[in-house]
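Visitor: Provided below are the primary sequence and the corresponding predicted coordinates.
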Amino acid sequence: MVLTRLQELAEVTTSPPAGIHVSLVDDNNVHNWNIVMDGPEGSPYAGGKFKLLLVLPTDYPFKPPKINFKTRIWHPNVTFDEHGSMCIGILKPEAWKPSSKILSVLTATQNLLLEPVPDDAVETTAANSFKEDLAGFNKTAKEYTKKYAK
Amino acid sequence: MPPAGHRPLDPSLPPSTEVDNDDRAPYTPGSSSSLSSSSLYKHLRTPSTSSLNIRHPVDLRAITYDGAVDENLVCPICRCPLVDPVLTECDHIFCRACITDALSNTKLCPIDRSPLDSDGVSRAPKMVHNQLDSLKAKCPCCASSFARSMLENHVEKYCPEANVKCPGIYSEKYCKEVVKRRMSGRGCLHYPVECPDCKETLLLVEMEEHREASCNEKLKACEHCGVNILRCKESEHHEECPDVIRPCNWAEYGCQHEAKRTDLHLHADECSFKLVGPMADTLKKEIKLLRSDMRSLAETNHLQERRIKFLESAQRASDRPMELMDLSLANLPESANTEPLDSGHEYLLSLLESQQSRLSQLSNELTDFQGKNTMMLLNETIPIKNELSELRSTQQVTCMHVRWLMRFRMQENQRRFGGSPGPGPSGSPDGGGSSSDLPFSRRLSDSAPRDIITKL
């Protein structure tokens, strides 16, 4: 079934949404995708290039894909460690629908960078900072973007 | 001249018995097999093309469709144009396989997440099926487009690039390989031959592709123009190579000149046959035209002769006596069948014609018959009438005679009886004379001329 939805890969590689670039990690394996996402303008991540790894489970599209940030990012919904686990509504197993597309997952990720959801946070320090001291949060986020997302 | 082994490769060569013999040679020890076994062989070697067909289940999710497919005909799960579409209780359409997979994970509709069971899934409306069936898709083998519903049939029965069983499966070799349909007419090609270019040994079935694509020695400089060409396309190149020595255009009519293809036009101006050549050409064309005309005329002539023959036979049938007419009419189609006609139309036409002629004949005969009848009637009645008048006159004559005799007898009687009671014949002649005189004179006035006639 993954193979039949390969056209999704063709779709996002040939005409990707603005600021997103998609390629296969290994040409012989369609399950692992490399994604490079530009930090969206109007967010503290602007100017940075964030690497993400998208893994399609074997029973995709019945199970949601997994997305991890390979570039460290200071964000309430992404763990600030080597895993870079992201918490996003559309990818939660109970929220996932087989009819959802990778394209919508990628745009949702972009939107998450623009508008963090601190109530659903995985990185509590960042979430608290975002809620209580937005300027300070933005400053830290910008610093980390400069440091890691080159 | 290429070696015999690679001759079947030439696509222009029709699969002939000669080619068959060529193929067979490698695996029949001693090609001098007896005649009976070779004819048996031939029977085995020419299986019907349909018997070679292989079932080709076409993966409808893997094929390419012509143009963009309507988003409404795409399964939301597999993102392909729907295959065996089903409708859920919540009015969503999916492929049957996709929704079955989805429901085995979670009993929710993959779109609106409403509770859904496999019982809540039914076949999608016919219209959806029809729309999907009429989608144009490319054949996975030959890349020509067909309606999706026809694709499987095309691949299984007609596609020249699709695999079929090797015809060798019906030979003594029992070849289990597959071969492209367009190559299946040449018998089993699964035996090793040597590439005439690189001397590598390959199966004959792979040779064509090898010589065109992968052979190390596939290229060769043209001996005339020096350009690198594919060896296997050499003869085709010679047909258009600019440096090949070609005879003059009018060589056919006697010009001896030869030049490179590119230089031939220089000679054309000074060729001594440049005036005669075109004329001969036109004459040739004319003759060809006339010949074909003649042939077509002969054909029509033949046809008409046949029609005449048919009409004649029909005529003969219609000349039979009246009481047999119905029978002969009923027999007509059979008699027409004995005349072999080219087409059904012609047959019907001739049938119609014969019927028409028969009809006109019948009406003619009818009028004839009527005339004859009246004539016969007249001929019969005239003598009867004559006789009747004759009889009438004789009867009148006899009547007169009888009357005269009666009167005569009465007079006799009167004279006899009147003489005995009366005084004598002197007295009686007065009375008798007066009494007999009256009827007598009356009779005279009545029928004197007729009396005279009978006396005469």
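Guide: It's in. Residues are numbered from 1 along each chain as shown, chains lettered A, B, ... in the order given.
Visitor: Looking at per-residue confidence, what score does B:Cys195 get?
Guide: In this model, B:Cys195 is scored at 83, pLDDT.
Visitor: Sorry, slip of the keys, the one I care about is B:Thr300.
Guide: 95.
Visitor: what about it, which SS state?
Guide: helix (DSSP: H, G, I helix; E, B strand; the rest coil).
Visitor: Tell me the bridge partners for B:Leu203.
Guide: B:Pro192 (DSSP bridges).
Visitor: Now do it against B:Lys233, distance only.
Guide: From B:Leu203 over to B:Lys233 the distance is 21 Å, taken as CB to CB, to the nearest Å. The way it works is simple: take the backbone N, C-alpha and C, and place the C-beta from them, glycine included.
Visitor: Could I get the full set of helices for chain A?
Guide: A:6-14, A:102-114, A:124-132, A:134-148 (DSSP state H).
Visitor: got the angle between the last one and helix A:102-114?
Guide: Direction vectors for helix A:134-148 and helix A:102-114, defined by axes from the mean of the first three to the mean of the last three CA atoms, to 10 degrees, enclose an angle of 120 degrees.
Visitor: coming back round to it: which one, of the helices of chain A, ends up nearest to chain B?
Guide: helix A:6-14 (6.1 Å; CB to the nearest CB).
Visitor: Next, the buried residues of the closest one.
Guide: A:8-9, A:11-12 (16 or more other CB atoms under 10 Å in any protein chain shown).
Visitor: In chain A, which residue sits nearest chain B?
Guide: A:Ser99 (3.5 Å).
Visitor: roughly how far apart are that residue and A:Glu8?
Guide: Taken as CB to CB, the span from A:Ser99 to A:Glu8 is 12 Å.
Visitor: Would you mind listing the residues in contact with the residue of the stretch 51-200 of chain B found nearest chain A?
Guide: Per CB to the nearest CB, B:Pro76 is where the stretch 51-200 of chain B lies closest to chain A, at 3.5 Å. Contacts for B:Pro76 (CB atoms under 8 Å, 6 or more residues apart in numbering or on different chains) come out as A:98-99, B:92, B:94, B:110-111.
Visitor: pLDDT at it, what is it?
Guide: 89.
Visitor: in what helix or strand does it lie?
Guide: For B:Pro76, there is no helix or strand it lies in under DSSP states H and E.
Visitor: go on, the one 10 residues further on?
Guide: Secondary structure assignment for B:Val86, by DSSP H and E: strand B:85-88.
Visitor: Tell me if the following helix or strand past that strand is near chain A.
Guide: Once the chain leaves strand B:85-88, the next helix or strand it forms, by DSSP H and E, is strand B:93-95. No: shown here: strand B:93-95 not in contact with chain A (CB under 8 Å from any CB of the partner chain), separated by at least 8.7 Å.
Visitor: List the residues that contact the nearest residue to A:Lys92 once chain neighbours are set aside.
Guide: Nearest residue to A:Lys92, sequence neighbours excluded (CB to CB, 6 or more residues apart in numbering or on different chains): A:Pro64, at 7.4 Å. Residues near A:Pro64 by CB under 8 Å, 6+ apart: A:57, A:90-93, A:96, A:100.
Visitor: how about 7 Å then?
Guide: A:91, A:93, A:96 (CB atoms under 7 Å, 6 or more residues apart in numbering or on different chains).
Visitor: Filter those down to the buried ones.
Guide: Buried among the contacts of A:Pro64 by 16+ other CB under 10 Å: A:91, A:96.
Visitor: Is the residue of chain A closest to chain B in contact with B:Asp112, as I believe?
Guide: No: the criterion here is CB atoms under 7 Å, and A:Ser99 misses it with B:Asp112 at 9.5 Å.
Visitor: Much appreciated, bye for now.
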